[in-house]
Every structure is written in structure tokens, then in C-alpha cells.
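A.B. asks: Need coordinates for the below:
(one chain, ligands or ions: 2)
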Amino acid sequence: MDTNSYDVVVIGAGPVGENVADRVVQGGLTAAVVERELVGGECSYWACMPTKALLRSGAVLRAARQVPGAREAVTGDLDVAAVFRRRDAFASDWKDDGQASWLEQVGVPLYRGQGRISAARVVEVTAADGAVTTLTARHAVVVATGSAALVPDIAGLREATPWTSREAVSTSTVPGRLAIIGGGVVASEMATAFAGLGASVTVLARDGVLPFAEPFVGELVTESLQDAGVSVRLGAEAEAVERDGGGTVRVTLTDGEQVEADELLVAIGRTPNTQDLGLDRIGLKPGSWLTVDDTLRVVDENGTAIDGGWLYAAGDVNRRVLLTHQGKYQARAVGDVIVARAKGQDVEDGPWGRHVATADERAVPQVIFTEPEIASVGLTAAAAEAAGLRIRVVDYDLAATAGSSLHGEGYRGSARMVVDEDRKVIVGFTLAGPDVAELLHAATIAVAGEVPVDRLWHAVPAFPTVSEVWLRLLEAYGR
Ligand SMILES: Cc1cc2nc3c(=O)[nH]c(=O)nc-3n(C[C@H](O)[C@H](O)[C@H](O)COP(=O)(O)OP(=O)(O)OC[C@H]3O[C@@H](n4cnc5c(N)ncnc54)[C@H](O)[C@@H]3O)c2cc1C
Ligand SMILES: NC(=O)c1ccc[n+]([C@@H]2O[C@H](COP(=O)([O-])OP(=O)(O)OC[C@H]3O[C@@H](n4cnc5c(N)ncnc54)[C@H](O)[C@@H]3O)[C@@H](O)[C@H]2O)c1
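C.D. replies: Ligands and ions are numbered 1, 2, ... in the order given. Alright, predicted model coming up:
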């Protein structure tokens, strides 16, 4: 048995773990990373990058078809094999040499295998050949093990070998008929992608389509999925599933109706990768999400850092926000706070301080790459009200800007600004429309920067761009 000591041991080399280790090393400490699969994690190989590659070709084709002059040049349909080849390249053909060598370059040793906490500050790594290496952390262990698709206990579902996001994202065949359980982000993006690739898609959206977003988001995405031939079954709940000898999957709904498909994708949320992590060795429950304080230190049910505070959790596994960019933001905060604590420096843990992830609560940006694209930051009107804020909501038809009419024919979209009336700052902003992703950061700056609405009148959007919606929203709000 080898024993190796580092200042920090990071379990999980997804986007978050990689960034924690890098940050710690930049701060002058040593760090090692443990990874059981591919360096780069879910995001690089089965989530963000390959899904967006699957979606992009269809989006470009739709965009070209909306512009006279370009439309005439489009004479065929998507080249499905070429779409999959591009996806493969974005998933680095499911090889992690590039990211593993980046770790080497930044001075972070990689231990391949299953990491398990065996005692305070001690991590055992079991390699594929069964060899065990023991790593000791002088200052901190950071759990960045991410999450996996949640498969619910629906009768017959597991036996029917459903797809999770992993299979959907990495397939190289388009099923003739694809049924999807769920109406969230994965369901909406994959319905968009596979409908574009030629599948006949049915979405079983028990709780609606994108129900956590502003209501117009679900309406617009549902409408456009239906225009693309997708059957969107709002309120449909799967009760039983079976796959027959011929490979057909039959989903029986609670109302007795049956939906048939060639593949079934389950997309109802995530479960933390903490099952086989040794949590029981330190008094925590295997399989549970790890609760953290504002400096990302794992805490017990009373909010007390466990065992003197050597254990941190960042990224999906702490359930604060299940998004890559937000996990990497946490990674920067957690890397810096571990360095500060190790060096006896001041910890800036007040709101918006250097060592906390305040934006997780009120300023999370997200883009959903459906048709139309959805770009949002901060609170929805409903969430702001639930948080007790006195708000005013301003809506604007995005298609009414000069920029959007130039963008393409039949532009459909909407924008909503949620203003905290007591502080006169924007606390939420949602855009739905073609190519709105790149408009989002302006809103993120306004929300995180708490820019007063009066000052925003001086932030003049260029003409003729879709960003002119900012001016229209301010005009509707008044001054
Ligand atoms: C289909 C899909 C599309 C998505 N698209 C987007 C998007 O467009 N934008 C966005 O921001 N987010 C997106 N997300 C979310 C994003 O993928 C996650 O938020 C992100 O991957 C979380 O990063 P992480 O490092 O916390 O975890 P992960 O990426 O899950 O990485 C964790 C790593 O830890 C390893 N690991 C786990 N347990 C152990 C152990 N015991 N020992 C050793 N190694 C271990 C795993 O193998 C993995 O490599 C998407 C998610 C899905 C499912
Ligand atoms: N573009 C992006 O930013 C992007 C893309 C994909 C995934 N993600 C992230 O990945 C995570 C996982 O995505 P997801 O779509 O799996 O989860 P989700 O939380 O977005 O949506 C899951 C949906 O399934 C519904 N649901 C829950 N249990 C159900 C059941 N038993 N039967 C039917 N419906 C049920 C929920 O009401 C919810 O609407 C999300 O948190 C998301 O942030 C992000």
C-alpha cells in the first residue's frame, strides 16, 4: 500500500474537481485528484458539450430557413451522420487524454480509481486492478463527485433498459420512436435534438414543460416542439413499463393509455454520486446530497462543519445548483477559502465575499438550448414572491424589436424583467427567442451587480439588435 500526502485531495475530476485542484495549486498548495472514469466528468462527455453539439446543427438549419436568401440555399435536411461525427469530436471520442495532460501541466497528480473516504482526511483509491493507494490530505478533502441520472421506481422500468441522458447523448442511431419521461431541461433539449434528427418523439411531461421557469417559457417551448411534430403530453404520468421481445417499449400511463416507442429516455432529475464514497465512515449517509455552508464546507443537520471542517463539497453533489458554470464558480471559491484557511489568512465569508458562492442563491444564469432558446438569470416572478420580495413584472414581446425582425422571419420570443420595488434593482430576467443565449450576460451583470434601474437607462443598447429589448422593458417600466 502506497501512502501519499497532499495539502488537498479532490475526489472527482469533473469540471468542478479539476478547477478546485487548479485553484488550490495556484494558491501555493499541493493537490491530487481522484477520478474513476474520465477526467472532465459528465459535462465533457455525456452532458453540456455533446448535447449542445447535437442541438447546434438543427438550430443553424432552422435559422437559415427563416432568412429569405439563405433559405433558398438550403436544399436538403440534416446530415445525421455528420451531426453525430461532430458530437463525437466534442466528446473527444470519449477519451480524456487532453484533460488528463492539462492536469499534469498544472501540476496536479491524477489517481485513477474509485475514491473512498476511509477516515478523517484520508482517501483510499481503488484502481481497476484492485490496487489500493492511500492519500492523506493535510488541510482538506473536497468531494466533487457530481451526480447521475435518477431512475424512478416505476414497475418494469429498469428491466426495460431505458436510456438515461448518457445513452441519449452518446447514441449513434436515431430511434424511429422516442418516448421521454420528464419535462425538464434534459427532456426538452433531447426532444428538440431527436425531433430534429428525424425521430418521432413523445414527451410525458407529468409536471409540465420546464415548470420551474417563467410560465411563457413552457408555453413557447411546448408550441415549438409541437410544430416540430413532437407529441407533448402534459400531465401524463408513467405507471408501468415493459419492453417486448421485438424491442418495442410500452409505457402505461396512470389513465390507462399506452405509449409505444423504440427507446425510452428517463429524464426526471439527478441523484448524487455519494453511494460508494465512504460517507458512513465519517457519520454521513451514503447516497445523500452533501449539505454545505456558504464556504462550501460540509455541515451536519445543525449547520455545524463536520469533524473540525476538513471536508468540502462543490458542484452537483451539494445540490446548490446543478450547472457546470456555477459548479466552477463554487470551485474558485472553495479553492481560495481552503488556501486562506491553510495560510491563516482572513476568510471573506460575507455576502458576495471572495470565499463564498453568493450568486448561487440569487444570480444563477442558465441557457436551455431548445427552440426557442431560453436564457434566464435570478428569480422568476413566482420565486421572488415566494421569497417575500415586493416586485413588479415587466414583459415585452421580443419579436417587436428591430433586431429580431432582421434576425429572421417568424421570430417568436418573449422577455420578462422582475424588479425588486424596494431596492429598484432587477432580481430576475428571462429571455425566450432564437439565439438569446449570448444576450444573457448583460442581465447577469445587472442582477449580480445590483445595478439600479435608473442607471440602466444609461446603458444604451445598440441599434438594430435584439438587445434593444432592454430599452423597451425600461420604457414599459417607466421612470
Ligand atoms: C444531459 C445533460 C446536459 C447538461 N447540459 C448542461 C449545460 O449545457 N450547461 C451546464 O452548465 N450544465 C449542464 N448540465 C449539468 C452539468 O453536466 C453538471 O452540472 C456538471 O457536470 C457538474 O459537474 P461536477 O464536476 O460537479 O460533476 P460531474 O461532471 O458529474 O463530475 C464528477 C466526476 O466525479 C467522478 N466520480 C464520482 N464518484 C467518484 C468516486 N467515488 N471516486 C472517483 N471519482 C468519482 C465521476 O466519474 C465524474 O467524472 C447538463 C447535465 C446533463 C445530464
Ligand atoms: N442547458 C442546461 O443548462 C442543462 C441541460 C441539461 C441538464 N441540465 C441540468 O441537469 C439537471 C438534470 O436535468 P433533468 O432534466 O434530468 O432534471 P430537471 O430537474 O430539469 O427536470 C426534471 C423534471 O422531471 C419531473 N419529474 C420528476 N419526477 C418525475 C417522475 N417520477 N415522473 C415524471 N416526471 C418527473 C420534474 O417535475 C421536472 O420537471 C438539471 O438540474 C439541469 O440544470 C442543464
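A.B. asks: do you know how far the residue positioned nearest the centre of the chain is from ligand 1?
C.D. replies: Taking CA atoms, centre = their mean, the centroid of the chain lies closest to residue 323, which sits 3.2 Å from it. According to CB to the nearest ligand atom, to the nearest Å, residue 323 stands 4 Å off from ligand 1. Every residue, glycine included, has its C-beta placed from N, CA and C.
A.B. asks: Retrieve the pLDDT associated with that residue.
C.D. replies: On the pLDDT scale, residue 323 is placed at 98.
A.B. asks: Report the contact partners of it.
C.D. replies: 364, 366 (CB atoms under 8 Å, 6 or more residues apart in numbering).
A.B. asks: Just want the residue of the chain that's nearest ligand 2.
C.D. replies: Taking CB to the nearest ligand atom, ligand 2 has its nearest neighbour within the chain at residue 184, 1.8 Å off.
A.B. asks: Is it correct that that residue is in contact with residue 267?
C.D. replies: Yes: contact criterion CB atoms under 8 Å: residue 184 and residue 267 qualify, at 6.3 Å.
A.B. asks: residues near the single nearest residue of the stretch 51-200 of the chain relative to ligand 1, how many?
C.D. replies: Scanning the stretch 51-200 of the chain for the residue nearest ligand 1 gives residue 146, at 2.0 Å (criterion: CB to the nearest ligand atom). Residues near residue 146, counting by other CB atoms under 10 Å, number 25.
A.B. asks: got it, and the one 4 residues further on?
C.D. replies: Neighbour count for residue 150, taken as other CB under 10 Å: 14.
A.B. asks: Against residue 164, how distant is it?
C.D. replies: Distance from residue 150 to residue 164, counting by CB to CB, to the nearest Å: 9 Å.
A.B. asks: what do these two both touch?
C.D. replies: In contact with both residue 150 and residue 164: residue 266, using CB under 8 Å, 6+ apart.
A.B. asks: on that earlier part again, look at residue 184 and residue 267 and report which has more neighbours.
C.D. replies: Taking other CB under 10 Å, residue 184 and residue 267 do not tie; residue 267 has more neighbours (26 against 19).
A.B. asks: quick one, what contacts that one?
C.D. replies: 149, 164, 165, 168, 180, 181, 182, 184, 186, 187, 190.
A.B. asks: What about these, which one has the most neighbours?
C.D. replies: Going by other CB under 10 Å, residue 180 tops the contacts of residue 267 with 29 neighbours.
A.B. asks: Please determine whether the helix or strand where it lies lies in contact with ligand 1.
C.D. replies: Per DSSP states H and E: residue 180 is located in strand 177-181. No: for strand 177-181, no contact with ligand 1 is found by CB under 6 Å from any ligand atom; the gap never falls below 12.0 Å.
A.B. asks: What mean pLDDT does that strand get?
C.D. replies: So the average pLDDT for strand 177-181 ends up being 98.
A.B. asks: Compute the number of surrounding residues for residue 70.
C.D. replies: Neighbours of residue 70 using other CB under 10 Å come to 12.
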